[in-house]
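> Any chance you could fold what I've pasted below:
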Amino acid sequence: KRYSTMLSQRLSILPNTIKRCLHRPFSGDGSVLRKTALNELHKEIGCDMVDFAGYELPVLYKGENGGVMKEHLWCRAEGKSSLFDVSHMGQIRWHGKDRAKFLEKVVVGDICGLAPGSGLLSLITNENGGIIDDTVITNAGDYIYMVVNGATKFGDMEHFEKMLAEFDGDCQMEYLEDSMQLLAIQGPGAAEAISKMLPSGFNLERMAFMTGIDTTFDGVEGCRITRCGYTGEDGFEISMPNEFTESIASRLLDDPTVLPTGLGARDSLRLEAGLCLYGNDLNDSINPIEGGLAWTLGGKGSRRRVEQGFLGAEHFLTNDGKLKKQKKKRVGIAGMKAPARAHTEIFDEKGEEKIGEVTSGTFSPCLKKPIAMGYVDSKYFKVGTKISICVRGKMQTAEVTKMPFVESSYYRAPE
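This is a model prediction of the structure:
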């Protein structure tokens, strides 16, 4: 048992005082990086650590299967799965009989209509219709479970507190801080990898994508599993008490089909899947329609589009719920010879008129070619439109393409 043995040997020589010191207090000025429960395990496995969202996190691992390219391809390989430490993300529980009603003032999604166990991706908007953050929300029955981005979680909660102060109803926010950690396991082999750690009789086959449940995991009570992810593959996010995180991660990594994977591969995987990174592809001046996320509002005539009631709706919806025309929109881009990184300028086909800007770009390990996404002016939305991109001072031909770039493999439960 390669990782569990490593863990037991290390814990045997660490006094409790040192174990407690592994977690430093948050510093608002960013001078002290926060550490997840797996910080020391990451370093013992061997990785390059970076500052991300105020946390020290692995960007890539070393060794035979390490590096962004190999980690990326492993996650898409048949029977394999990748383990990500995403404990920097903000986990929130919402309580009170009016919790769904309050959240419908905060986000664009249909929270009141969520069946117990069901979840959705939604958007937190501001008064101008801009996106403050994207979030996954699940109806956990007795409470509503929300996960927000690590880089924005403190700003999100300040926003929630202001809205709670103005809300005439019964709703309370419980931020789980670092008492609960979050791991993501993604890939075709993810279900098989976690199945042996679930309680006897747990039916993973019937667990649909974007559903979640409170359960024991590896014998640990107080865990929560959500079938979701950020790679375009089947996968799960597992929330667990801080003190059990290393033992659970080590048990998962004892499985030779599971590979520890860093932020570098997580970014290239999500880009192949056409998924946004907040701060790059979305921000508080981009609305859901511009961001290509109108589907989070529901379809034509849906209750949320018609009733609205969330901040900034009037900036991108008509009174009867129709989508207002936008001057720019997020699109996929391909066909260039060299990768176009964030802030690369986009021009018309002749290279004469600037029409937009790249927000994310990389070399696709699966497609073996550069891919990107960005925003272009309205008349260049259409798939197949020829454009030019200025990469390192040189114009390259490219074209608008559909997303995802790599076909998604989200799990579909049997009817």
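> got any ranges where the chain has weak pLDDT?
For the chain, the stretches flagged by pLDDT under 70 are 1-31.
> need the helices for it, in chain order.
2-13, 16-21, 39-45, 68-76, 99-106, 153-165, 190-195, 245-253, 263-272, 303-307 (DSSP state H).
> can those go into TSV with extra columns for distance to Tyr410?
Backbone N, C-alpha and C define where each C-beta goes, glycine included. Putting these into TSV (distance: least, Cβ to Cβ, whole Å) gives the following:
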stretch	distance to Tyr410
helix 2-13	28
helix 16-21	38
helix 39-45	28
helix 68-76	13
helix 99-106	24
helix 153-165	25
helix 190-195	12
helix 245-253	21
helix 263-272	13
helix 303-307	22
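> Name the stretch among those that sits most buried.
helix 263-272 (a mean of 24; mean count of other Cβ atoms under 10 Å).
> which other residues reach it?
With Cβ atoms under 8 Å, 6 or more residues apart in numbering as the test, helix 263-272 has contacts from 50, 52, 57-60, 68, 71-72, 75-76, 82, 84, 186, 230-233, 276-277, 360-367, 371-373, 404-406.
> The spatially most central residue of the chain: what's it in contact with?
Closest to where the C-alpha atoms of the chain average out (Cα atoms, centre = their mean) is Tyr230, at 5.0 Å. Contact partners of Tyr230, counting by Cβ under 8 Å, 6+ apart, are Ala184, Gln186, Arg266, Leu269, Arg270, Ala273, Leu275.
> who's in contact with stretch 394-405?
By Cβ under 8 Å, 6+ apart, the residues outside stretch 394-405 that reach it are 232, 271-275, 292, 331-338, 340, 347, 349, 351, 364, 367, 371, 373, 376, 380-390.
> Throw together a ChimeraX command that grabs the buried residues out of those residues.
To isolate the buried members of the contacts of stretch 394-405 in ChimeraX, using 16 or more other Cβ atoms under 10 Å:
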select :232,271,272,273,274,275,292,331,332,333,334,335,336,340,347,364,371,373,376,380,385,387,388,389,390
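> surely Arg392 meets Ala338?
Yes: Arg392 lies in contact with Ala338 (Cβ atoms under 8 Å); the separation is 7.4 Å.
> Strands along the stretch 101-250 of the chain, start to end?
119-125, 131-139, 144-148, 172-175, 180-186, 212-217, 220-226, 235-241 (DSSP state E, counting those that start in this stretch).
> Adjacent strands (with direction) for the longest one?
When pairing is defined by DSSP bridges, strand 131-139 lines up against strand 119-125 (antiparallel), strand 144-148 (antiparallel).
> So what sits opposite the residue lying closest to Ala115 once chain neighbours are set aside in the bridge?
What sits nearest to Ala115 in space, not counting adjacent residues and going by Cβ to Cβ, 6 or more residues apart in numbering, is Asn139, at 6.5 Å. Assessed by DSSP bridges, Asn139 has beta-bridge partners Ile144.
> what about the helices of the chain, which gets the closest to Gly90?
Closest to Gly90 of the helices of the chain, according to Cβ to Cβ: helix 153-165, at 3.0 Å.
> Quick check: which helices or strands does that closest one pack against?
strand 90-95, helix 99-106, strand 131-139, strand 172-175 (3 or more Cβ pairs under 8 Å, 6 or more residues apart in numbering; DSSP states H and E).
> Would you mark the buried spots in stretch 110-119?
Quick answer for stretch 110-119 (16+ other Cβ under 10 Å): Asp110, Ile111, Leu114, Gly117, Gly119.
> contact partners of it?
Residues contacting stretch 110-119 (Cβ under 8 Å, 6+ apart): 100-101, 103-104, 120, 122, 136-141, 144-145, 210-213, 226, 228, 298, 302-304.
> which among those end up buried?
100-101, 103-104, 120, 122, 136-140, 144-145, 210-213, 226, 228, 298, 304.
> Can you give me the distance of the closest residue to Val406 other than its chain neighbours to Ser360?
Nearest residue to Val406 in three dimensions, chain neighbours excluded: Glu272, at 4.2 Å (Cβ to Cβ, 6+ apart). Glu272 is 11 Å from Ser360, where distance means Cβ to Cβ, to the nearest Å.
> Likewise for Val383?
Taking Cβ to Cβ, one finds Val383 at 18 Å from Ser360.
> do Asp267 as well
8 Å.
> Mutual contacts of these two, please.
When contacts are counted by Cβ under 8 Å, 6+ apart, the set common to Asp267 and Ser360 consists of Leu277.
> what's the neighbour count on Ile225?
Ile225 has 23 neighbouring residues, counting by other Cβ atoms under 10 Å.
> make that Gly201, sorry
Counted with other Cβ under 10 Å, Gly201 comes out at 5.
> next one: Asn283
Asn283 has 15 nearby residues by other Cβ under 10 Å.
> Given the longest strand seen in the chain, what are its sheet partners and their directions?
If you go by DSSP state E, the chain has its longest strand at strand 354-364. Here strand 354-364 has these sheet partners by DSSP bridges: strand 345-348 (antiparallel), strand 369-377 (antiparallel).
> Just the C-alphas of the first one, formatted as PDB.
Right, the one you point to is strand 345-348. What follows is strand 345-348, C-alpha atoms only, in PDB (Å, rounded to 0.1, in the frame of the first residue of the first chain):
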ATOM      1  CA  GLU A 345      -6.100  39.900 -29.500                       C
ATOM      2  CA  ILE A 346      -8.600  38.600 -32.000                       C
ATOM      3  CA  PHE A 347      -9.100  40.300 -35.400                       C
ATOM      4  CA  ASP A 348     -11.300  39.800 -38.500                       C
END
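> Can you tell me what sits against that strand?
Under Cβ under 8 Å, 6+ apart, the answer for strand 345-348 is 333, 353-358, 374, 376, 380, 387-390, 395.
> For the nearest residue to Glu353 once chain neighbours are set aside, give the beta-bridge partners.
Counting by Cβ to Cβ, 6+ apart, the nearest residue to Glu353 once its immediate chain neighbours are dropped is Phe347, at 6.2 Å. Assessed by DSSP bridges, Phe347 has beta-bridge partners Lys354, Ser388.
> Enumerate every residue touching Thr257.
Thr257 touches Gly79, Lys80, Ser81, Gly189, Glu192, Ala193, counting by Cβ under 8 Å, 6+ apart.
> now Thr385
Thr385 touches Glu349, Glu399, Val400, counting by Cβ under 8 Å, 6+ apart.
> rewinding a little: okay, the residue nearest to Ala115 and Phe236: tell me how far apart.
For Asn139, the distance to Phe236 - Cβ to Cβ - is 18 Å.
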